[in-house]
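>>> okay, sequence plus prediction incoming.
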Amino acid sequence: MTDTLIRNDAALRGSSIIAAIKSAGINIVLSVPDIFTSKGLLFPIADDKELRLIRVCKEDEAVGITAGLYFCGQRAISLVQSTGLLDSLNAMRAMGLEYKQPICMMVGLLGKEPDLKPRESKRVGVNIIEPVLDAMGITHHLLETEADVAKIKPAIDAAYKKPEPLVLLIGRRPDAS
Amino acid sequence: MMKRDDCFEILARHVTEDDIVVAIYSSAFDWITIRRSPLNYIFTGAMGLGASHALGLAIGRPDRRVIVLDGDGSLLMNLGCLVTVASVAPPNLYHFVSVNGTYEANGGHPIPGKGVVDFRGFAASAGYPNTFAFSDLHTFEKDIGSVLALTGPVFTALDVVQGKPPVLDYEIMHGDKTREDFQAALNAT
């Protein structure tokens, strides 16, 4: 039991996130690079033979691509920085909220202090993210430890079942292990 | 100068019942007047994302042609999509852009760079292997069949003016039923 607790409180691992999104049926990842998740998550995704990585020029492109794939029965998720999420909000508004599509995003909170909750961050680019998502009515979860990885599959499955958009906020740099 | 609806009338003769047509705003209203089909994907939501939706569809259904009827103002909002599409290089994606130099759906204001911007040049520079530009209807009618027979991605700029004013039926564009009908038609085959 103690071992389990220690393991679950351990640092977020990219391999765990990748396993979780795969278990949720994700086979395509769309991304604009984010230094916060670059080493621990994006490079491992790029090397993963079971995932197709599509590099887009701007984050809202990923919203449109995800919508097209959804109609074809394929699940995709975006990996972007919080700035990219903010840049995509109109597309999320249209496709996620008005058209009720399961637009799923993993969003790196670059600059978030490890000991603070996102809303408590001293950085505007971090502390506004959850309030903005709440104002839009977009479901979101915070991933900071290995224990949080267990949220991923149920959250993605729920987004596709409802359907509705989903944002998974990555609050600490994932380890590349 | 060609009229957009005349171009679409000609294009419609070459579109099969299996083709998906992603049409954007003013082009969408013209297109659904000319060719009603449940496989008309006219619900792109935010401007600038037509080719992105089409790319998702082209990847998801490689057995079908995906034809995009984009607008110049819309494409200017997201020129990076040309690079993304060219990088992925879906062989079943055919990207048409109606170049009328105006934000037609937003009052007819001119686009930045009207008359100067070379959309075909953008696409060629982005890496589309085949690019075309038409400003004469007879030439378009003569060549469109061979354009659609090429392996994608193919980019075609259509130098047009508005034809007959389309019926602006936003309920059809944004209503749930249109998306439900599209999904059902796509699932059926």
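Arrived safely, thanks for sending. Numbers count the residues shown, from 1 in each chain, chains lettered A, B, ... in the order given.

>>> for the spatially closest residue to A:Phe36 that is not a sequence neighbour, give its distance to A:Leu41.
Residue nearest to A:Phe36 in three dimensions, not counting chain neighbours: A:Gly108, with 3.5 Å by Cβ to Cβ, 6 or more residues apart in numbering or on different chains. All C-beta atoms are positioned from the backbone trio N, CA, C, and that covers glycine. A:Gly108 is 8 Å from A:Leu41, where distance means Cβ to Cβ, to the nearest Å.

>>> between the two, what contacts are shared?
Common contacts of A:Gly108 and A:Leu41 (Cβ atoms under 8 Å, 6 or more residues apart in numbering or on different chains): A:Leu79, A:Ile170.

>>> lowest mean pLDDT among the helices and strands of chain B, which one is it?
Of all helical and strand segments in chain B, the minimum by mean pLDDT, DSSP states H and E falls on helix B:170-174, at a mean of 84.

>>> remind me what that one packs against, helices and strands.
Packing contacts for helix B:170-174, counted by 3 or more Cβ pairs under 8 Å, 6 or more residues apart in numbering or on different chains; DSSP states H and E, involve helix B:25-34.

>>> got a list of contacts for the helix it packs on?
Contacts of helix B:25-34 (Cβ under 8 Å, 6+ apart): B:4-5, B:8-9, B:12, B:21, B:23, B:40, B:42, B:47, B:69-71, B:74, B:98, B:104-105, B:162-163, B:166-169, B:172-173.

>>> hang on, the earlier thing: how about the residue nearest to A:Phe36, what does it touch?
For A:Gly108, the contact set (Cβ under 8 Å, 6+ apart) comprises A:Asp34, A:Phe36, A:Thr37, A:Leu79, A:Val80, A:Gln81, A:Ser82, A:Ile170.

>>> what about the residue nearest the centre of chain B, which helix or strand?
Closest to where the C-alpha atoms of chain B average out (Cα atoms, centre = their mean) is B:Leu69, at 1.1 Å. Applying DSSP states H and E as the criterion places B:Leu69 in strand B:66-71.

>>> what does A:Gly125 give?
helix A:124-127.

>>> quickly list what the most centrally placed residue in chain A is bridged to.
Chain A has A:Met106 as the residue nearest its centroid, 1.1 Å off, counting by Cα atoms, centre = their mean. With DSSP bridges as the criterion, A:Met106 is bridged to A:Leu79, A:Leu168.

>>> got the contact list for it?
For A:Met106, the contact set (Cβ under 8 Å, 6+ apart) comprises A:Ile17, A:Ile21, A:Thr37, A:Leu41, A:Ile77, A:Ser78, A:Leu79, A:Val80, A:Leu143, A:Leu168, A:Ile170.

>>> what ranges does the chain have for its strands?
Let's take chain A. Along chain A, the segments classed as strands by DSSP state E run A:26-31, A:52-55, A:75-81, A:104-108, A:139-143, A:166-170.

>>> please go with chain B instead
Secondary structure of chain B by DSSP E: the strands cover B:2-3, B:20-23, B:40-41, B:66-71, B:93-99, B:102-103, B:109-110, B:130-134, B:154-161.

>>> what is the rounded mean pLDDT of stretch A:97-106?
Averaging pLDDT along stretch A:97-106 gives 97.

>>> and what of stretch B:35-53?
Taken as a whole, stretch B:35-53 has a mean pLDDT of 95.

>>> near chain A at all, it?
Yes - counting by Cβ under 8 Å from any Cβ of the partner chain, contacts between stretch B:35-53 and chain A involve B:Tyr41, B:Phe43, B:Thr44, B:Gly45, B:Ala46, B:Gly48, B:Leu49, B:Gly50, B:Ala51, B:Ser52, B:His53.

>>> just the buried residues from those residues, in PyMOL please.
PyMOL command restricting those to the buried ones, with burial defined by 16 or more other Cβ atoms under 10 Å in any protein chain shown:
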select buried, chain B and resi 41+43+44+45+46+48+49+50+51+52+53
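
>>> out of the residues of stretch B:35-53 next to chain A, list just those in helices.
Among the residues of stretch B:35-53 next to chain A, the ones falling in helices (DSSP state H) are B:Gly50, B:Ala51, B:Ser52, B:His53.
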